[in-house]
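1. Coordinates for the following, if possible.
(one chain, ligands or ions: 1)
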Amino acid sequence: MDNGSGSSSLKTDPKRDDSSVVGAYHTPVMLEESLECLALCEDGIYVDATLGGGGYAEAIIERAKSARVFGFDTDPAAQRYASNRLARFGERFVLVPENFASIADALRARGITAVDGIVFDLGVSSHQLDTDSIGLSYRIEAPLDMRLDPRLKKSAAEVIANSDESQLAQIFRAYGEERFAGQIARKIVQARTEARIETTTQLASVITNGLREDKRNETLSRIFQALRIEVNDELGNLRQALEQAPELLRDGGRIVVVSYHSLEDRIAKEFFRKESAPRFEPGSLGGLKEAIDLARARLRLLTRKPVAPSREEVERNPRARSARLRAAERIARSIARIDEQ
Ligand SMILES: C[S@@+](CC[C@H](N)C(=O)[O-])C[C@H]1O[C@@H](n2cnc3c(N)ncnc32)[C@H](O)[C@@H]1O
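-> Numbers count the residues shown, from 1 in each chain. Next up, the predicted model:
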């Protein structure tokens, strides 16, 4: 998978060209809260697992005077934009044009086996939504592609064309939490017998056909979200990356996850719960299970409940509305490994 790092290896795909971008590429969400949870060390090594426009990476490099940041992104437009933005920091920024699912291997290939912090700011950037040439938004006419990584094999149009009715219904139910998943899948299977569904607007008109006006946007949002998650295996990637994180973190290192829908947040929540020490009732020592869980714990939770953006941030940037932040700290290995002695 590793095809080299550094902006010199990047080719421009005219369909994904970002050279016309002026103004904001993406406004970072919950940046201050994330930095606070990372508790930056001056000379730390950090991973920005979702580089996007490079807002987080830039803030880390600026605030921790000799820190280095390894920035992952699979989208060539994000790679180019962030590389340009961060070029002034020289070797303190390293682009990793890889899926974060291969976080440990990609870092090892660059000589890194331990880091001080990892931050995930999941989902898609404003740039990806607003200059949408790959069909992420039902509001913009575009080919039904949805691949955030152009190396992926299967587009959204292929998922729509080649999945059977029950597979489509399952995708809409599992990844869009859509109540009428079965009915929508049936409409799609019916429509595709007449013409192949190739564009966002074609798909949107099939889905909204016969649907009440006031239900249309929320239904379209759920179905488009579900397809994007399926095409990019977003939940699988997150699970894989999280599993690798505790071993990558140095003792006291921090992990921060900012998610934008309940499916991602649930994965982060369950992972943190599995990896963290149990909580004892005041005055209780717990039982054998709690003792084993305590010995096995690799993380200490920094957030018992998910942190939401401030009202001011949501007013300034409505796209921050659904963000939820969870964070944890790597427990020192000498404590975590008592069960292995
Ligand atoms: C919300 S944006 C990040 C914005 C960034 N924090 C900033 O301040 O500009 C999410 C980015 O993660 C990237 N991304 C999503 N899934 C990824 C994955 N599995 N591996 C690498 N990058 C991914 C997307 O392409 C997108 O550019």
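
2. tell me the helices in the stretch 101-250 of the chain, going along the chain?
-> Assigned by DSSP state H, counting those that start in this stretch, the stretch 101-250 of the chain shows helices spanning 103-108, 126-130, 156-162, 165-176, 181-191, 200-208, 216-232, 234-248.

3. Which secondary structure elements does the last one sit against?
-> Using 3 or more CB pairs under 8 Å, 6 or more residues apart in numbering; DSSP states H and E as the contact criterion, the elements in contact with helix 234-248 are helix 103-108, strand 115-121, strand 249-259, helix 262-275. Where C-beta positions appear, they are placed from N, C-alpha and C, glycine not excepted.

4. Report the buried residues of it.
-> For helix 234-248, burial by neighbour count (16 or more other CB atoms under 10 Å) applies to 234-235, 237-238, 240-242, 244-246, 248.

5. if I pick the residue nearest to the spatial centre of the chain, what's in contact with it?
-> Ranked by distance to the mean C-alpha position of the chain (CA atoms, centre = their mean), the top residue is residue 122 at 2.5 Å. Applying CB atoms under 8 Å, 6 or more residues apart in numbering, we find residue 122 in contact with 50, 234, 238, 257-260, 264.

6. cool, residue 55 as well?
-> By CB under 8 Å, 6+ apart, the contact set of residue 55 is 26-28, 31.

7. could you flag which of the residues you listed are buried?
-> Here, 16+ other CB under 10 Å leaves 26, 28, 31 buried among the contacts of residue 55.

8. how about those in a markdown table, adding distance to residue 316?
-> Formatted as a markdown table, the buried ones among the contacts of residue 55 follow (distance: CB to CB, whole Å):
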| residue | distance to residue 316 |
| --- | --- |
| 26 | 14 |
| 28 | 12 |
| 31 | 12 |
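
9. so is residue 289 in a helix, a strand, or just coil?
-> Secondary structure assignment for residue 289 (DSSP: H, G, I helix; E, B strand; the rest coil): helix.

10. which residue sits closest to the residue of the stretch 151-300 of the chain found nearest the ligand in space, ignoring its chain neighbours?
-> Nearest residue of the stretch 151-300 of the chain to the ligand (CB to the nearest ligand atom) works out as residue 237 at 4.0 Å. Leaving aside its sequence neighbours, residue 237 sits nearest to residue 101 (CB to CB, 6 or more residues apart in numbering; 4.1 Å).

11. Kindly report the same for residue 260.
-> Residue 260's closest residue in space is residue 123 (CB to CB, 6+ apart), at 4.5 Å.

12. Tell me the pLDDT of that neighbour.
-> Note on residue 123: pLDDT of 91.

13. Against residue 79, how distant is residue 197?
-> In this view, residue 197 and residue 79 are 30 Å apart by CB to CB, to the nearest Å.
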